[in-house]
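In: coordinates for the following, if possible.
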Amino acid sequence: METLMASSSSSPATVLRRPATLPVRSSSPAIAFFRNPLVGNNASRTKLNNSFQISSSSSSSSFRLKLKIKCGVTEINESQFPEIVLKSDRPVLVEFVAGWCGPCRLIAPAIESISKEYEEKLLVVKIDHDSNPKLIEEYKVYGLPALIMFKDGKEIAESRREGAITKAKLKDYIDALLQSVSVS
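Out: Reported below is the predicted structural model:
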């Protein structure tokens, strides 16, 4: 057990106890953070942009914790699509996702890793399926997650892929597309 001291200006120090490791299994650090036993049931949880703020106040203590989550993949919408994707000077991998889509959440770590690994060669963006119906209709996205690569304002032939994919197969997919674009 780890012992922590929490105090405020108006009350004496309070001893808080928690296990050395939290018994939480989650793919998202924010979820694990929200389940922190220090926060308790009376905590208020707020998400502002990419910042999560948790505050708790009780008669004995008051504290505020912040967690910043930085994502490598930029989420864009219909109005940003022409400027960011179609006018880009380098290839753009567009991932169509939805919050309710299990396979989308499954491949998210691989997409994040790819966006960092290929940041010099490729721009990776994410588009929310539910918030951007015009793009979904225009590009005929029927399954999620859907990956489409664009170069010079056009969809690269044979670049469309739907469904979950392993990181190794994702790298093979991207390498083959980048090679076909540079040869053309």
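In: what ranges do the helices span in this structure?
Out: Listed in chain order, the helices found in the chain under DSSP state H are 29-34, 81, 102-117, 133-138, 167-183.
In: would you reformat those helices as TSV and include mean pLDDT and mean neighbour count?
Out: Where you see a C-beta, it was placed from the backbone N, CA and C, and this is true even at glycine. Below are those laid out as TSV (pLDDT from 0 to 100; neighbours: other C-beta atoms under 10 Å):
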stretch	mean pLDDT	mean neighbour count
helix 29-34	44	14
helix 81	97	21
helix 102-117	96	16
helix 133-138	96	13
helix 167-183	91	14
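In: which stretch among the ones you listed comes nearest Val92?
Out: helix 81 (9.8 Å; C-beta to C-beta).
In: domains of this structure?
Out: The chain breaks down into these domains under automatic domain parsing: 2-68, 74-183.
In: mean pLDDT lowest for which of those?
Out: Ranked by mean pLDDT, the domains of the chain end with domain 2-68 at the bottom, a mean of 47.
In: give me phi/psi at Leu122?
Out: Reported as degrees, to the nearest 10, the phi and psi values for Leu122 are phi -150, psi 140.
In: name the nearest residue to it, sequence neighbours excluded.
Out: Excluding the flanking residues, the one nearest Leu122 by C-beta to C-beta, 6 or more residues apart in numbering is Pro91, at 5.3 Å.
In: wait, isn't that neighbour in contact with Ser182?
Out: No. Applying C-beta atoms under 8 Å as the test, Pro91 and Ser182 come out as separate, 9.4 Å apart.
In: how about the strands in this structure?
Out: Secondary structure of the chain (DSSP state E): strands located at 2-8, 11-18, 44-48, 51-57, 62-68, 74-76, 92-97, 123-128, 146-151, 154-155, 161-162.
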